[in-house]
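Q: Return a 3D structure for these sequence lines:
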Amino acid sequence: MAEEIKSPMAGKVISILVSVGDTVEEDDDIMLLEAMKMETTVFSSADGTVTEIKVQPGDKVDEDQTVIIVE
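A: Just a heads-up that it's a prediction; the model follows:
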């Protein structure tokens, strides 16, 4: 079953630390966001394989926006 990983807050994507096809475990670092001049790490919420990355570095995201899909 697919797990949608969502942005914990509104901000700007600084970097994506995984690629499609990468295997991740729960709590792995997968992305860095910048909000209010502070960097925040986004963690995987499930074990699995990254099947889709919905954002690119430089994109602005909203709170609870789906950014990565893990199956």
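
Q: how about the strands in the chain?
A: With strands called from DSSP state E, the chain shows them at 3-6, 11-16, 23-24, 29-35, 38-43, 48-53, 60-61, 66-70.

Q: for the third one, packing partners?
A: The one in question is strand 23-24. strand 48-53 (3 or more CB pairs under 8 Å, 6 or more residues apart in numbering; DSSP states H and E). All C-beta atoms are positioned from the backbone trio N, CA, C, and that covers glycine.

Q: Rounded mean pLDDT for the strand it packs on, please.
A: Regarding strand 48-53, the rounded mean pLDDT is 97.

Q: picking up where we left off before, out of the strands of the chain, deepest packed?
A: Compared across the strands of the chain, strand 66-70 shows the largest average neighbour count, a mean of 20 (mean count of other CB atoms under 10 Å).

Q: outside of that one, which residues touch it?
A: With CB atoms under 8 Å, 6 or more residues apart in numbering as the contact definition, strand 66-70 has outside contacts at 2-7, 13, 16, 18, 24, 30-31, 42, 44-55, 61.
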